[in-house]
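>>> Mind looking at a prediction? Sequence and model below.
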Amino acid sequence: MIDSSLAELSDNLFSVSVALYSVALLAFCAQLAFGRRSVRSRELAGVGGGPGAPTPPAGQEAPETAQGTRWGLLGMALTALGAVAHAGVLVTRGMATDRLPWGNMYEFATAVVLVAVVAYFVLAVRQPSLRHIGVFVLGPVILAMVGIGLFLYTEAGPLVAALRSSWLGIHVSSAILGSGIFLVSGIASALFLVRTRRTAGEPGSGGGLIDRLPSAAGLDRVAHRTAVFGFPIYTFAMIAGAIWAESAWGRFWGWDPKETWMFISWVVYAAYLHARTTAGWRGRPAAWINVVGFAVVLFNLLYVNMVSTGLHSYGGLD
């Protein structure tokens with residue numbers, strides 16, 4: 001029995017979360033525009049010495065203006081409110097259907113995006129300089145939410161028979177967590193690659209947009225740490241999926257399109273973590289591998305789930 005009032009509340013909270021993320025994005029845009037002083041502006045203001053003063057060490061963060069701090073805190077507060085509403089989408093839908101709220105592609109994708117938002121928020125709380133990448137996290141989040149609402153929306157309903165298993169809460173939950181964390185890692189690596197193109201001018205020679213990002217070293221640490229955190233979760237999801245497959249279909253592995261691409265993404269992230277600790281591959285080469293992993297995860301979430309056919313086609317999820 002579906003509770004229509006809770007299902008309607010879930011739909012309304014989806015719109016509220018998109019609206020809150022959109023306003024948070026504007027706040028982070030303002031922070032990026034007005035937050036950090038470039039080297040030149042600090043010289044003119046008499047902060048950090050005159051034109052002949054030594055350049056600060058590479059990787060040192062430029063100071064935050066009071067105005068930028070206020071915009072950043074506003075963006076963080078709105079992001080937190082958006083995440084609460086976003087979580088409410090899944091909680092109320094689960095209550096409306098009396099099941100775990102990731103029984104179809106709409107719910108699965110909504111949960112993955114929520115994990116990405118929460119992962120970014122936790123990182124930005126622990127390291128305030130990361131608020132400056134809020135634009136590059138919430139921008140894709142808003143686009144994803146709009147796409148989910150327009151193209152993946154499914155009326156609240158019961159699970160299809162193939163998903164009525166306790167493994168739904170184990171395999172799919174861990175796949176959601178791993179995928180969402182990898183999205184943040186991929187964004188951090190992409191920004192690292194952009195940031196390192198300005199190495200010669202670091203920490204900022206012209207006050208441009210790139211100079212207002214966190215340091216390359218900081219972005220690299222975020223990409224690596226999130227990948228390290230997400231990799232065992234994703235590994236567990238793959239193992240749990242194989243066990244579920246044996247229970248449901250009598251075999252652990254069958255090279256189904258979803259299984260194949262999950263394994264490919266796992267191999268790419270294993271290669272990234274190995275490259276990150278290998279001399280000659282640290283820095284940009286490793287970051288490129290992580291970006292490839294990011295692309296593979298997106299391909300797995302979008303094309304494989306929604307276009308390809310196979311045993312995982314039911315419900316449109318892993």
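Nice, thanks for sending it over. Numbers count the residues shown, from 1 in each chain.
>>> now stretch 213-222: mean pLDDT?
Stretch 213-222 comes out with an average pLDDT of 90.
>>> what does stretch 108-123 give?
Stretch 108-123 shows a mean pLDDT of 96 in the predicted model.
>>> same question, stretch 170-177
On average, stretch 170-177 scores 93.
>>> Tell me where the stretch 151-300 of the chain has helices.
Shown for the stretch 151-300 of the chain, the helices assigned by DSSP state H, counting those that start in this stretch span residues 173-196, 216-249, 257-276, 284-299.
>>> Most tightly packed of those?
Of all those, helix 173-196 carries the top mean neighbour count, a mean of 24, counting by mean count of other C-beta atoms under 10 Å. (C-beta placed from N, C-alpha, C; glycine too.)
>>> CA atoms of it as PDB?
Output in PDB follows, covering the C-alpha atoms of helix 173-196 (Å, rounded to 0.1, in the frame of the first residue of the first chain):
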ATOM      1  CA  SER A 173      23.800   0.700  -0.600                       C
ATOM      2  CA  SER A 174      27.500   0.200  -0.800                       C
ATOM      3  CA  ALA A 175      27.400   0.900  -4.600                       C
ATOM      4  CA  ILE A 176      25.700   4.200  -3.900                       C
ATOM      5  CA  LEU A 177      28.300   5.200  -1.300                       C
ATOM      6  CA  GLY A 178      31.200   4.200  -3.400                       C
ATOM      7  CA  SER A 179      29.900   5.900  -6.600                       C
ATOM      8  CA  GLY A 180      29.000   9.200  -4.800                       C
ATOM      9  CA  ILE A 181      32.400   9.400  -3.100                       C
ATOM     10  CA  PHE A 182      34.200   8.700  -6.400                       C
ATOM     11  CA  LEU A 183      32.300  11.600  -8.000                       C
ATOM     12  CA  VAL A 184      33.900  14.000  -5.500                       C
ATOM     13  CA  SER A 185      37.300  12.500  -6.100                       C
ATOM     14  CA  GLY A 186      37.000  12.900  -9.800                       C
ATOM     15  CA  ILE A 187      36.000  16.500  -9.600                       C
ATOM     16  CA  ALA A 188      39.000  17.200  -7.300                       C
ATOM     17  CA  SER A 189      41.400  15.600  -9.700                       C
ATOM     18  CA  ALA A 190      39.900  17.500 -12.700                       C
ATOM     19  CA  LEU A 191      40.400  20.800 -10.700                       C
ATOM     20  CA  PHE A 192      43.900  19.700  -9.800                       C
ATOM     21  CA  LEU A 193      44.800  19.300 -13.500                       C
ATOM     22  CA  VAL A 194      43.400  22.800 -14.200                       C
ATOM     23  CA  ARG A 195      45.300  24.200 -11.200                       C
ATOM     24  CA  THR A 196      48.600  22.700 -12.100                       C
END
